[in-house]
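Chemist: When you get a sec, could you give me coordinates for this:
(chains A and B, ligands or ions: 1)
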Amino acid sequence: MDADIPASRTMSGTMMGQTALVTGSARGIGKGIALALAKKGVNVVISDVNIEEAKVVATEMEALGVKAMPLKFDVSNSVEVTSAFAQISEAFGRLDILVNNAGITRDALIMRMKDEDWDAVININLKSVFLCSKEAVKLMSKQRYGRIVNIASVVAFMGNAGQANYSASKAGIIGLTKTTAKEYAKRGITANAVAPGFIKTAMTDALPEKVKEDMLAAIPIGQFGEIDDVANAVAFLVSPEARYITGNVIHVNGGMYM
Amino acid sequence: MAEIEGKVKEIISKQLGIDVGQIKLESSFIEDLGADSLDNVELVMAFEEAFGIQIPDEAAEKITKVQDAVDYIKGKLG
Ligand SMILES: NC(=O)c1ccc[n+]([C@@H]2O[C@H](COP(=O)([O-])OP(=O)(O)OC[C@H]3O[C@@H](n4cnc5c(N)ncnc54)[C@H](O)[C@@H]3O)[C@@H](O)[C@H]2O)c1
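Modeler: This is a model prediction of the structure:
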């Protein structure tokens, strides 16, 4: 336990030299978040089940002058999570930032949803946040500093036909975020959630035109969000400046839900 | 053996931010030393790390005083 935390980590100032783990960062929003942090001088662990892409992303990050470590583990597997954190601790000696971003969808109407689809989404989207947070708070408590951001979704608040499993997993994340915030507040750790609305990614590109048109009509800003819109909100929450914000949700949805 | 006691007190002092001199064998972590439940969990983790032992949850629950910790660790290492 080392109480010698550089002033830069606790007061407003730079995040240079900190270490972040972003899960599911081989592509999409996770990659955007890792990039936003690397631009601020944060060393990043690019973790994903897709290790080939993660390696490519890590190389891109290193070009920005930070250390980047590609790491393969399944966020829903507790044995793999424990070993991943041991490797991170070994390589960097500390972990300042955890962004729980990895997630999947397995959509179907409740009447047709299979148990396997329910379990897979709950495990990968929700249990994963518990497993990774559990390891992270052990390291962060010792440091007396940490920032956890969990990526939820607007459907946690609105519901969405066809997404019983997904909306439940994301709503679960909100409760978990608040409990994490309460348990570790005294250790200098904040936990918050970011709830994106409709963000332009491979996931949403695949939707039929008609669905996209209908969604657009429900967004006051009149545009879909960009990956950077989410990444910028995360970058703020993990900064030392956000020290007094914990247990909260930032909605990044163009006004789709208020 | 006195060595274990000294090391235990040192860990407690660091974890709870109190003077080693204030820590007595009969001190209760929560009642006398101002620890909360999270401090207790962290203390057990710190003992595990410092002495290279595993303390199962059932045993950890019974460690409420400094003496309990010293006895348990002596038992494990002895
Ligand atoms: N795209 C959107 O509009 C949108 C909206 C709201 C919330 N979100 C959330 O944002 C996050 C990222 O979404 P995205 O659109 O970038 O998705 P994406 O599918 O492009 O990226 C997700 C990444 O997670 C990885 N992954 C999947 N399962 C994993 C596992 N078990 N272990 C480790 N990695 C795993 C994938 O390989 C992939 O690289 C998700 O949590 C998603 O639910 C996205």
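Chemist: check contacts around residue B:30.
Modeler: The contact partners of residue B:30, by C-beta atoms under 8 Å, 6 or more residues apart in numbering or on different chains, come to B:36, B:40, B:64. In short, each C-beta sits where N, CA and C put it, glycine included.
Chemist: Report the contact partners of the closest residue in space to residue B:22 that isn't next to it in sequence.
Modeler: In space, and not counting its chain neighbours, residue B:22 is closest to residue B:33: 7.6 Å by C-beta to C-beta, 6 or more residues apart in numbering or on different chains. Counting by C-beta under 8 Å, 6+ apart, residue B:33 touches B:12, B:16, B:18, B:22-23, B:27.
Chemist: Top of those by number of neighbours, please.
Modeler: Of all these, residue B:12 has the most neighbours under the rule other C-beta atoms under 10 Å in any protein chain shown, reaching 24 neighbours.
Chemist: Is it correct that residue A:181 is in contact with residue A:193?
Modeler: No. Residue A:181 lies out of contact with residue A:193 (C-beta atoms under 8 Å); the separation is 9.7 Å.
Chemist: Contact partners for residue A:48?
Modeler: Residue A:48 touches A:23-27, A:30, A:54, A:70, A:72, A:102, counting by C-beta under 8 Å, 6+ apart.
Chemist: at 7 Å what do you get?
Modeler: By C-beta atoms under 7 Å, 6 or more residues apart in numbering or on different chains, the residues touching residue A:48 are A:24-26, A:54, A:72.
Chemist: what's the closest of those to residue A:128?
Modeler: residue A:24 (9.1 Å; C-beta to C-beta).
Chemist: Nearest residue to the closest one in space, please, no chain neighbours.
Modeler: Leaving aside its sequence neighbours, residue A:24 sits nearest to residue A:102 (C-beta to C-beta, 6+ apart; 2.9 Å).
Chemist: At the contact with chain B, which residues of the stretch 151-258 of chain A appear?
Modeler: residue A:183 (C-beta under 7 Å from any C-beta of the partner chain).
Chemist: Nearest to the spatial middle of chain B, which residue is it?
Modeler: residue B:69 (4.6 Å; C-alpha atoms, centre = their mean).
Chemist: shouldn't that residue be in contact with residue B:47?
Modeler: Yes. Counting by C-beta atoms under 7 Å, residue B:69 does reach residue B:47; the two are 6.2 Å apart.
Chemist: what's the pLDDT at residue A:2?
Modeler: For residue A:2, the pLDDT comes out at 42.
Chemist: do the same with the one 5 residues further on
Modeler: Model confidence at residue A:7, given as pLDDT, is 44.
Chemist: same question for stretch A:26-34, mean pLDDT?
Modeler: Mean predicted lDDT for stretch A:26-34 stands at 98.
Chemist: which other residues reach that stretch?
Modeler: A:22-25, A:44, A:46, A:48, A:50, A:53-54, A:57, A:61, A:99, A:101-102, A:151, A:196, A:199, A:201-203, A:227-228, A:230-231, A:234.
Chemist: and if you look at stretch A:147-158?
Modeler: So stretch A:147-158 is contacted by A:29, A:96-101, A:103, A:129, A:133, A:136, A:163, A:166-167, A:170-171, A:173-174, A:177, A:180, A:189-197, A:234, A:237-238, A:249, A:251, A:253, A:256-257 (C-beta under 7 Å, 6+ apart).
Chemist: re earlier: quickly find the element holding the residue nearest to the centre of chain B.
Modeler: Element membership of residue B:69 [criterion: DSSP states H and E] is helix B:66-77.
Chemist: follow-up on the earlier one: of the contacts of stretch A:26-34, list those near the ligand.
Modeler: A:23-24, A:48, A:50, A:101-102, A:151, A:196, A:199, A:201-203 (C-beta under 6 Å from any ligand atom).
Chemist: Show me the two of these that sit farthest apart.
Modeler: Farthest apart among these - using C-beta to C-beta - are A:50 and A:196, which lie 20.5 Å from each other.
Chemist: how much space between the residue lying closest to residue A:113 once chain neighbours are set aside and residue A:244?
Modeler: Of all residues not flanking residue A:113 in the chain, residue A:164 sits nearest, at 6.0 Å (C-beta to C-beta, 6+ apart). For residue A:164, the distance to residue A:244 equals 36 Å [C-beta to C-beta, to the nearest Å].
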